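Peer 1: sequence and computational prediction follow.
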Amino acid sequence: QLQLVESGGGLVQPGGSLRLSCATAGFTPDGYGFAWYRQAPGKEREGVSCINTNRDDIYYIDSVKGRFSMSRDNAKNTVYLQMNNLKPEDTADYYCAAGLYAAAGRYCFYAMKHWGKGIPVTVSS
């Protein structure tokens, strides 16, 4: 059974950093793309970043470009989201997602079919 388990969230001050991890299990990562989503209180879930299946493209939404960096380590079956210069508006529950045949660019998100349970990130002084 495909499993995605997030870790690394928590409370951080504005300007600080966190690294989220998504441990994958129950499937072979080859063929899958991965994404990070977030959902702030009272708002819709939004895709934040996405790595395509070919691993030659990483898409970021404008609000996190230059601050967030997504990566995947197939040897460790883990996907990461390094978040730097965090802002209060980054406060949300963050979710890892996976899907087969993920394309490049924002279309990568369309492939996501499997989700983790999410982890809270709070940016506050």
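Peer 2: That came through, no problem.
Peer 1: which helix or strand contains the residue nearest the centre of the chain?
Peer 2: Residue closest to the mean C-alpha point of the chain, counted by Cα atoms, centre = their mean, is W36 at 2.1 Å. Assigned by DSSP states H and E, W36 belongs to strand 32-39.
Peer 1: for that strand, buried residues please.
Peer 2: Neighbour counts using 16 or more other Cβ atoms under 10 Å place 32-38 of strand 32-39 among the buried residues. In this view, the C-beta of every residue, glycine as well, is placed from N, C-alpha and C.
Peer 1: TSV for those, including distance to K76 and pLDDT?
Peer 2: Listed next are the buried residues of strand 32-39 as TSV, based on distance: Cβ to Cβ, whole Å; pLDDT from 0 to 100:
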residue	distance to K76	pLDDT
Y32	15	94
G33	17	96
F34	13	97
A35	18	98
W36	17	98
Y37	21	98
R38	23	98
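Peer 1: which one of these is nearest M112?
Peer 2: Lowest distance from M112 to the buried residues of strand 32-39 (Cβ to Cβ) belongs to A35, with 5.2 Å.
Peer 1: how about that closest one, nearest residue that isn't a chain neighbour?
Peer 2: If the residues on either side of it in the chain are set aside, A35 comes closest to C50, at 4.1 Å by Cβ to Cβ, 6 or more residues apart in numbering.
Peer 1: what does A102 give?
Peer 2: Using Cβ to Cβ, 6+ apart, the closest residue to A102 is G33 (2.3 Å).
Peer 1: look up which residues are beta-bridged to that neighbour.
Peer 2: G99 (DSSP bridges).
Peer 1: what sits against K43?
Peer 2: Contacts for K43 (Cβ atoms under 8 Å, 6 or more residues apart in numbering) come out as A92.
Peer 1: and it, what helix or strand is that in?
Peer 2: Counting by DSSP H and E, K43 is part of no helix or strand.
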